[in-house]
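Engineer: Got a sequence here, can you model it:
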Amino acid sequence: MRPPTRPQSEEFDAVWETAKSREFMARGWESKSVEQQQEESARDRSQVPSPPPSEEERARAERRRMLELALARTQAELQAACHPRHKDMLRLKLEAIQKELRE
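Structural biologist: As a prediction, the model looks like this:
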């Protein structure tokens, strides 16, 4: 990519040079930051291999994900509910899900 041509007027020289240097400096800093982040990520992955989760840990994580989804669904249903008895039932359901999540 070629830098844009400079304006012909003398009064814009200082502004043009400043803007041009900032544009190219910003791109340089940005690419260095991306390279550094990629290197750090590769270094982190190679240093600490985590052991695979046990069956119990996987089951516990899956149960938690299911409860979080049920919580979100119940909260959405509660917001859309119109009938007072339905709202009461959904509030009880929310409390039960939150209690399970705390355990």
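
Engineer: in this protein, which segments are predicted with low confidence?
Structural biologist: 1-12, 14-32, 44-48 (pLDDT under 70).

Engineer: residue boundaries of the helices in it?
Structural biologist: Counting by DSSP state H, one finds helices in the chain at the ranges 13-47, 55-80, 84-102.

Engineer: Mean neighbour count added to those helices, as a markdown table?
Structural biologist: C-betas here are computed from N, CA, C, even on glycine. Listed next are these as a markdown table, based on neighbours: other CB atoms under 10 Å:
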| stretch | mean neighbour count |
| --- | --- |
| helix 13-47 | 10 |
| helix 55-80 | 12 |
| helix 84-102 | 13 |
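
Engineer: Now do the contacts for Leu101.
Structural biologist: Contact analysis of Leu101 by CB atoms under 8 Å, 6 or more residues apart in numbering lists 64, 67-68, 71.

Engineer: Outline the domain layout of this protein.
Structural biologist: Using automatic domain parsing, the domain parsing of the chain gives 16-45, 66-102.
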